[in-house]
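> sequence? don't have it. structure:
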DNA sequence: TGACTTTCTGTCAGTGGATGACAGTTCGTC
DNA sequence: GACGAACTGTCATCCACTGACAGAAAGTCA
């Protein structure tokens, strides 16, 4: 029952934001359209933005969990690439949700701001799994950037089945960026 | 006169946040401690967070401006590296401000969230100067990550005169990260 | 100097996000 | 049917943020 309400709130929030925009969508209205109170809304989501971002919130910890399962001694890049495979599978399993979140992220800067913060937490989790340090954190941040780039490509081509290939393509471009005359 | 008030508000905000924390620091109190109204505070800063981040706000556009002055046809990495030299000079000229902002950014997640959003705008500006595209945006994002890593090192060693060297070091580490057995 | 315009500020009123406290309700369990 | 836990509604409150209006300050030109 609880998960039903949460999903309904998320759906209602997305619908309203697409119709009238993020600012004009009040938490009270979202809650009312589902039949609960504003107070209850904030028991499900810490902030208004989270109602939209919740569907992809578990992705970060999932990647970090996979990263912890990698063999010790493995180099950062292959370990991260392997861990991100759970993200690849996730978007392939439910491309509609990811596309919807991305569309709203592009039109509403407030939403994008919260998304950046979410990603920042993800990067922290990844770095922690690899034994935190400034360099490690940078590597994880770079990987996240490559992932975002891959998602952007998937979004533009409306095909989230090739996220893995796009991720590899982004990483290849990165190589030619940092290495002169690769 | 106007810049004086702005600087005083920023100083008061930082002082209060360090003493009682970000949440307990009200915009009204900051304004009152400087002798102006809360309404006036929000005429100087769009958000409470901006009062703290304002001192480094001009950095992004400055880098982008420099990037536009690079010779056309120059590869992205050298162009970006050259453009970031204005950032290197900036932190070397006023290390105290950067150190203070970084300290608050670490202790207050709300502040860090806004900072991430600010950086995102910077990246957009850089990408635009290089002829926007998903890859270009990723390159600019990577450069910003390297810059943050360099700043972190400078902060930890309490020496902002070597930001340029740290930036180059971060880029070198990046190379060995994305390239197998470099 | 005085009239005029621009810019900045204070006051007031209001919206809405977010939280704490308390009471009532639902629901599973024994 | 009684009990306890999880969930929800109601109420009150704080504060970030905004629009509208009026007054003060400061610069401009005659």
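Nice, I can see it. Since the structure is predicted, the reported quantities are computational estimates derived from the model, not experimental observations.

> hmm, residue A:110 and residue A:21 touching each other?
No: look at residue A:21 against residue A:110 with CB atoms under 8 Å: they stay out of range, at 9.9 Å. Placement of C-beta: from N, CA and C, glycine included.

> so which of these two has more stuff around it?
residue A:110 (16 against 12; other CB atoms under 10 Å in any protein chain shown).

> ok, the residue most central in space within chain A to residue A:153 distance?
Geometric centre of chain A, nearest residue: residue A:56, 5.2 Å, by CA atoms, centre = their mean. Noted for residue A:56: a distance of 17 Å to residue A:153, by CB to CB, to the nearest Å.

> cool, and residue A:96?
Distance from residue A:96 to residue A:153, by CB to CB: 17 Å.

> ok, the two, which is more surrounded?
residue A:153 (20 against 8).

> which ones are touching that one?
Under the criterion of CB atoms under 8 Å, 6 or more residues apart in numbering or on different chains, the neighbours of residue A:153 are A:166, A:169-170, B:134.

> and with 7 Å instead?
By CB atoms under 7 Å, 6 or more residues apart in numbering or on different chains, the contact set of residue A:153 is A:166, B:134.

> list the buried residues in the helix or strand that contains it.
Here residue A:153 sits within helix A:134-157, counting by DSSP states H and E. Buried residues in helix A:134-157, counted by 16 or more other CB atoms under 10 Å in any protein chain shown: A:134-155.

> quick one, that helix and helix B:134-157 angle?
Counting by axes from the mean of the first three to the mean of the last three CA atoms, to 10 degrees, helix A:134-157 lies at 160 degrees to helix B:134-157.

> can the helix or strand just after helix A:134-157 be said to contact chain B?
As assigned by DSSP H and E, the chain's next helix or strand after helix A:134-157 is helix A:163-178. Yes: using CB under 7 Å from any CB of the partner chain, helix A:163-178 reaches chain B at A:170-171, A:173-175, A:177-178.

> on that earlier part again, just want the angle from the helix holding residue A:153 to helix B:163-178.
60 degrees.

> where does chain A have low pLDDT?
A:1, A:181-182 (pLDDT under 70).

> quick one on the thing from earlier: mind checking how far the residue nearest to the residue nearest to the centre of chain A when sequence neighbours are not counted is from residue B:158?
Nearest non-adjacent residue to residue A:56, counting by CB to CB, 6 or more residues apart in numbering or on different chains: residue A:101, 5.8 Å away. From residue A:101 across to residue B:158, the span is 41 Å (CB to CB).

> same deal with residue A:170?
Counting by CB to CB, the gap from residue A:170 to residue B:158 is 36 Å.

> before we move on, what about residue A:43?
If you go by CB to CB, the gap between residue A:43 and residue B:158 works out to 44 Å.

> ok, residue A:109 next?
35 Å.

> equivalent analysis for residue A:156, please.
Residue A:156 sits 45 Å away from residue B:158, taking CB to CB as the criterion.

> equivalent analysis for residue A:23, please.
42 Å.

> show me what from chain A comes close to chain B.
Checking chain A against chain B by CB under 7 Å from any CB, the hits are A:76-77, A:113, A:116-117, A:120, A:134-135, A:138-139, A:141-142, A:145-146, A:149, A:152-153, A:170-171, A:173-175, A:177-179.

> these two touch, right, residue A:83 and residue A:65?
No: taking contacts as CB atoms under 7 Å, residue A:83 lies outside contact range of residue A:65: 8.4 Å.
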